[in-house]
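A.B. asks: structure of the sequence below:
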Amino acid sequence: MTDDFTHLVDTSDIMVDVTIRLGRTRQTVAQLSALRADDIITLDQAITDGVEICIGDRVIARGELTGDGSPDDRLCVRIIGPGEAA
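C.D. replies: Numbering: from 1, shown residues only. Below you'll find the model as predicted:
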């Protein structure tokens, strides 16, 4: 059935916003307003937990942070598996 629809919609023209979630924290406005350069915000997960790859609020995959190896070593995400089942 998928083949029936591929000719109807050119998916190469459909853009979606992808969000990479590193983790979460909850802070008061007072705590946020007190933040200064070099302060550290602790998130709710370990470095080894990886990141969530999301479209909207839905987690579609899991990934890990990496560099692209270029001279300026841009931040990238390597896909390591599917998102959690809904």
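A.B. asks: neighbours of I53, how many?
C.D. replies: Counted with other CB atoms under 10 Å, the neighbours of I53 add up to 20. Yep, even glycine has a C-beta here, placed from its N, CA and C like the rest.
A.B. asks: ok, and the closest non-adjacent residue to it?
C.D. replies: A61 (4.2 Å; CB to CB, 6 or more residues apart in numbering).
A.B. asks: the helix or strand containing the one you found: which residues count as buried?
C.D. replies: In the assignment (DSSP states H and E), A61 maps to strand 58-67. Residues V59, A61, R62, G63 are the ones in strand 58-67 that count as buried (16 or more other CB atoms under 10 Å).
A.B. asks: just to revisit the earlier point, who's the residue nearest to I53 bridged to?
C.D. replies: For A61, the residues forming beta bridges with it (DSSP bridges) are I53, P82.
A.B. asks: now V77
C.D. replies: L65.
A.B. asks: where do the strands sit along the chain?
C.D. replies: For the chain, the strands defined by DSSP state E cover 19-21, 51-55, 58-67, 75-82.
A.B. asks: and these as JSON lines, adding distance to A30 and mean pLDDT?
C.D. replies: Below are those laid out as JSON lines (distance: least, CB to CB, whole Å; pLDDT from 0 to 100):
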{"stretch": "strand 19-21", "distance to A30": "25", "mean pLDDT": "95"}
{"stretch": "strand 51-55", "distance to A30": "28", "mean pLDDT": "95"}
{"stretch": "strand 58-67", "distance to A30": "30", "mean pLDDT": "94"}
{"stretch": "strand 75-82", "distance to A30": "30", "mean pLDDT": "94"}
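A.B. asks: just tell me which of those ends up closest to T11.
C.D. replies: strand 51-55 (13.9 Å; CB to CB).
A.B. asks: give me the helices and strands touching the closest one, please.
C.D. replies: For strand 51-55, the packing partners by 3 or more CB pairs under 8 Å, 6 or more residues apart in numbering; DSSP states H and E come out as strand 19-21, strand 58-67, strand 75-82.
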